[in-house]
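Student: Sequence and predicted structure below; questions after.
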Amino acid sequence: MKLKDLPNEGPYTSGDRACSGCMAANIALNVMRIIGEKAIVSVPPSCMSVFAGTFPELNWNVPYFHMQFANLASTITGISRALKTQGKDDIVVIGFAGDGGTGDMGLQALSGAAHRNENILYICYNNEAYENTGIQASGSSPYGSWSSTTPVKGKLRGNEYFPKDIPRIMIAHDSSYVATASTAHIQDFIRKIEKAKNLRGFRYIEVLSVCNPGWRVPSHIGPQLMTEAVDCGYWILFEFEQGKLTINKKPKFTGLREFLSKQDRFMHITEAQIKEMEEYIQRRWNIIQKLEDQKP
Ligand SMILES: Cc1ncc(C[n+]2csc(CCOP(=O)(O)OP(=O)(O)O)c2C)c(N)n1
Ligand SMILES: [Mg+2]
């Protein structure tokens with residue numbers, strides 16, 4: 001489907017309380033424009049649960065469930081199995097969670113669901129921190145980034161760890177479908193959500209999600225940053241299906257410095273840290289390229 005063919009609105013309605021320019025809201029809106037009304041949605045504690053999912057002001061025009069932080073994948077597994085028992089095969093059961101709810105707190109339930117190939121679509125909007133509770137670092141926070149738990153003070157230069165690679169963890173489960181995406185690459189995004197809608201079994205899509213207060217950036221800059229993230233290799237667009245990985249866009253490997261310099265969470269970053277990030281990007285690229293070369 002082309003962007004122009006999508007309905008202007010979907011079952012994620014306008015009037016949420018997300019920050020201006022929030023890419024997580026943009027992801028919810030666009031996923032639901034593609035999936036349509038035959039869906040059941042569930043969101044654990046996160047920005048998305050706060051800005052769109054507090055009764056009686058829900059933005060979801062489909063059945064919606066909120067649960068505890070660690071058990072999104074188990075919750076949607078239960079919903080999916082109940083639908084199967086009822087003989088209903090045309091409803092997409094979707095979980096949306098942040099990176100903390102996915103790669104840290106929710107990883108155990110997520111791993112179990114992937115291992116059992118549950119019939120669910122799990123979408124992680126990765127804004128690279130526990131943003132909702134005041135910008136604490138998560139396992140997905142980038143190296144060198146400032147957060148309220150990775151301060152910049154004296155010898156402390158922000159986050160000392162490199163992010164864990166959740167899509168690769170999901171690939172290791174040999175899941176039915178795993179993809180990374182960005183709404184700034186909208187045609188690729190539409191294709192992946194459509195594909196996931198039509199597939200059955202465990203599907204995982206991780207979407208980069210700029211957070212203006214967390215990344216310390218102005219509210220208009222999200223799409224530009226996500227474009228730059230793909231160009232410099234910071235965010236690699238790929239998909240894994242039936243044991244085969246495909247890279248969807250080869251990075252140019254230029255512009256990392258400019259990408260970082262636009263975000264005040266990296267305001268303090270040193271030359272040595274930039275070099276370490278460049279090396280990390282290259283290391284990860286080499287691993288993903290090797291996965292692409294592997295035969296299913
Ligand atoms: C067991 C438990 N621990 C902590 C919290 C508090 N809490 C609510 S949302 C949140 C952060 C969620 O981070 P993430 O999943 O990345 O979503 P984001 O806020 O970035 O959208 C935390 C720590 C909670 N609700 N439950
Ligand atoms: Mg987050």
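Tutor: Arrived safely. Ligands and ions are numbered 1, 2, ... in the order given.
Student: mind listing what the residue of the chain found nearest ligand 1 touches?
Tutor: The nearest approach of the chain to ligand 1 comes at residue 98, 2.2 Å away (Cβ to the nearest ligand atom). Where C-beta positions appear, they are placed from N, C-alpha and C, glycine not excepted. By Cβ atoms under 8 Å, 6 or more residues apart in numbering, the residues touching residue 98 are 24, 46, 47, 48, 124, 125, 126, 127, 130, 131, 132, 138.
Student: Now tabulate these in JSON lines and tack on pLDDT and neighbour count.
Tutor: Converted to JSON lines, the contacts of residue 98 look like this (pLDDT from 0 to 100; neighbours: other Cβ atoms under 10 Å):
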{"residue": "24", "pLDDT": "98", "neighbour count": "28"}
{"residue": "46", "pLDDT": "98", "neighbour count": "28"}
{"residue": "47", "pLDDT": "98", "neighbour count": "25"}
{"residue": "48", "pLDDT": "98", "neighbour count": "28"}
{"residue": "124", "pLDDT": "99", "neighbour count": "28"}
{"residue": "125", "pLDDT": "99", "neighbour count": "28"}
{"residue": "126", "pLDDT": "99", "neighbour count": "27"}
{"residue": "127", "pLDDT": "98", "neighbour count": "31"}
{"residue": "130", "pLDDT": "98", "neighbour count": "26"}
{"residue": "131", "pLDDT": "98", "neighbour count": "25"}
{"residue": "132", "pLDDT": "97", "neighbour count": "21"}
{"residue": "138", "pLDDT": "98", "neighbour count": "25"}
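Student: how about those residues in JSON lines, adding secondary structure?
Tutor: JSON lines is the format used below for the contacts of residue 98 (DSSP: H, G, I helix; E, B strand; the rest coil):
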{"residue": "24", "secondary structure": "helix"}
{"residue": "46", "secondary structure": "coil"}
{"residue": "47", "secondary structure": "helix"}
{"residue": "48", "secondary structure": "helix"}
{"residue": "124", "secondary structure": "strand"}
{"residue": "125", "secondary structure": "strand"}
{"residue": "126", "secondary structure": "strand"}
{"residue": "127", "secondary structure": "coil"}
{"residue": "130", "secondary structure": "strand"}
{"residue": "131", "secondary structure": "coil"}
{"residue": "132", "secondary structure": "coil"}
{"residue": "138", "secondary structure": "coil"}
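Student: Also near ligand 2: which of those, exactly?
Tutor: Of the residues in the contacts of residue 98, proximity to ligand 2 by Cβ under 5 Å from the ion holds for 127, 131.
Student: can you redo the contacts of residue 98 as TSV with distance to residue 198?
Tutor: As requested, the contacts of residue 98 are exported to TSV (distance: Cβ to Cβ, whole Å):
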residue	distance to residue 198
24	24
46	27
47	29
48	24
124	20
125	22
126	24
127	28
130	33
131	32
132	32
138	31
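Student: Would you mind trimming the contacts of residue 98 to those in range of ligand 1?
Tutor: Near ligand 1, judged by Cβ under 6 Å from any ligand atom, the entries from the contacts of residue 98 are 46, 47, 48, 127, 130, 131, 132, 138.
Student: Could you tell me how far the third one is located from residue 258?
Tutor: In this structure, residue 48 lies at 29 Å from residue 258, with Cβ to Cβ, to the nearest Å as the measure.
Student: next one: residue 3
Tutor: Relative to residue 258, residue 3 is positioned 27 Å away (Cβ to Cβ).
Student: cool, residue 90 as well?
Tutor: In terms of Cβ to Cβ, residue 90 sits 46 Å off from residue 258.
Student: Settle it for me: which of the two has more neighbours?
Tutor: residue 258 (11 against 6; other Cβ atoms under 10 Å).
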